[in-house]
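**Student:** Here is a sequence together with a model predicted from it:
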Protein chains: 2
Amino acid sequence: MSVNRRTHRSAHSSQLSTREPRTQAQRRSETRRALLDAALEQLDGGVGFDSLSLRRVARTAGVVPAAFYRHFASMDELGLALVEESVQTLLAMLREAREDQARRANPEHLIARSVAILVEHVRAHRRHFAFIVRARASGNAVLRHAIRSETRLFASELATDLARFPVLSEWTTTDLQMLAGMFVDSMIATIDAILEASGWGSGPDRLTPPRQAQITKLAEKQLRLIVLAIPHWHSHP
Amino acid sequence: MSVNRRTHRSAHSSQLSTREPRTQAQRRSETRRALLDAALEQLDGGVGFDSLSLRRVARTAGVVPAAFYRHFASMDELGLALVEESVQTLLAMLREAREDQARRANPEHLIARSVAILVEHVRAHRRHFAFIVRARASGNAVLRHAIRSETRLFASELATDLARFPVLSEWTTTDLQMLAGMFVDSMIATIDAILEASGWGSGPDRLTPPRQAQITKLAEKQLRLIVLAIPHWHSHP
DNA sequence: CAAGTTAGTGTACGACCGTTCACCAAGTAT
DNA sequence: ATACTTGGTGAACGGTCGTACACTAACTTG
């Protein structure tokens, strides 16, 4: 049994022979993490959240099925925990983009920079992004709504950022929300393209540089087109 | 048994008592249809294609599980048949939009008309659209790729339509593809919104008129913004 | 009308699933 | 040191699943 655990969980620091007592809190959070990671791992392979089984998650986490319930009342609950995690990743990305933009005076390469940050983040946290994009259209209503609502929140935050640009200072809130929504949609499409091109996590990294460049170019083009329209916008009756 | 069939399959023409002999071809295609419809029905409820079971599909089609294999070698194959069907619906919509646009001289309300046609089609063929949007991000790799490829084809067809507009006559093929892709993405987002708002088919129609109007307005806004950018576009190095 | 083909039936199999429960060992609090 | 709490175990349950196979009723072909 403990052999199984050593097989699946990443090997800890020191020797295997030492008993290495852990506090209960440690023990608890380690297993919880192992469960979350197991789920993410499965999701990163081609399967969707719906066809994710409690037993398989527990198994890859190196734990007996019943132990799952010590941490989550159901798979839904684990899913919600993953949503929370993934949203943190998203917000961190937004924050980085914000700071990056604040750091440089000229907004010349703003689009290119933003896309670069996005691509970089997707590669760094592929599993979180994969989870979001997948569960977004999953059959699980709970998760779907949770993600939808978090996504709307994300768009709102982006909208307030956008409001700071002089060109957008006069835009109505509704129009800003619409614009932010379009950016988010484009972002999701780009994430989707990257994940699809990288084979949904099979192997270390199947996303070839030329393919990545192509996706990047496309994303930049789309954003450029949208940005181009902004100065000519006038709100409608 | 035949009671079950009568329960699930839509009642045919005449009396139930008459023996009503059918040709084998009829028999075959009727059951096949019943299977496809059963799948669509399930999909229109909240479940994704992944968590669609051969047994349940057969059951709601009023047929024993083994009979499924007389028509499809696997659920994947049924899925591909649904893709084909749904794509036909998509193309029909594109055709209608094309003819509608050809019919009227002034392209004034072109956007509003296009959106209206989209919304109308989604309401008329909700199950097909639900299937496409759902299976697009499903865990099933076969279906996902089939839909992706068909979607690309659809975008290409739209691109050639766009090329006929004078404003776009000088655009490169790549840029046109990008533009068409954006329209398709926006379309998918709108479809998604409609389906989400109509409660994924629960009940006859939970999409309230104000909500529909709101979604329509948003879709039109997004398209209007994109269109606004077109005259100012210049291809990039 | 006889022989052949075919759509659908009924049964059975092994595999996996989610959930439960009594139990145990190890960390914690007194 | 003792009693308590807690995370994890192992076995068992009833249920659904996909698939296989022999069989039958009905349509088709000669």
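**Tutor:** Right, received. Where do you want to start? Predicted model only: the values in this text are computed from it and were never measured.

**Student:** which residue is nearest the centroid of chain A?
**Tutor:** The centroid of chain A falls nearest to residue A:129 when counting by CA atoms, centre = their mean (2.8 Å).

**Student:** where's that residue relative to DNA strand C, distance?
**Tutor:** Separation of residue A:129 from DNA strand C (CB to the nearest atom of the strand, to the nearest Å) stands at 24 Å. (C-beta placed from N, C-alpha, C; glycine too.)

**Student:** What are the neighbouring residues in contact with that residue?
**Tutor:** A:86, A:89, A:121, A:122, A:191, A:195 (CB atoms under 8 Å, 6 or more residues apart in numbering or on different chains).

**Student:** and the third one, what does it touch?
**Tutor:** To tie it back to what came earlier, the one meant is residue A:121. By CB under 8 Å, 6+ apart, the contact set of residue A:121 is A:89, A:92, A:93, A:96, A:129.

**Student:** same thing but at 10 Å, please
**Tutor:** A:89, A:90, A:92, A:93, A:94, A:96, A:97, A:128, A:129, A:191 (CB atoms under 10 Å, 6 or more residues apart in numbering or on different chains).

**Student:** from the residues you listed, which is closest to chain B?
**Tutor:** residue A:191 (11.3 Å; CB to the nearest CB).

**Student:** Okay, buried residues for the top helix by length along chain A please.
**Tutor:** Ranked by residue count under DSSP state H, the longest helix found in chain A is helix A:75-103. Judged by neighbour count using 16 or more other CB atoms under 10 Å in any protein chain shown, the buried positions of helix A:75-103 are A:75, A:78-83, A:85-87, A:89-90, A:93-94, A:97, A:101.

**Student:** Looking at the residues you listed, which is nearest DNA strand C?
**Tutor:** For the buried residues of helix A:75-103, the closest approach to DNA strand C (CB to the nearest atom of the strand) belongs to residue A:75, at 6.2 Å.

**Student:** Check whether that closest one really touches residue A:143, as I assumed.
**Tutor:** Yes: in this structure, residue A:75 is within contact of residue A:143 by CB atoms under 10 Å, at 9.4 Å.

**Student:** Overlap of the contact sets of the two?
**Tutor:** A:49, A:50.

**Student:** hey, where'd the helices end up in chain A?
**Tutor:** For chain A, the helices defined by DSSP H occupy A:2-8, A:24-44, A:54-60, A:65-68, A:75-103, A:110-124, A:126-136, A:141-162, A:173-197, A:209-229.

**Student:** Of those helices, flag the one that's most buried.
**Tutor:** helix A:126-136 (a mean of 22; mean count of other CB atoms under 10 Å in any protein chain shown).

**Student:** Now that one: average pLDDT?
**Tutor:** The average pLDDT for helix A:126-136 rounds to 95.
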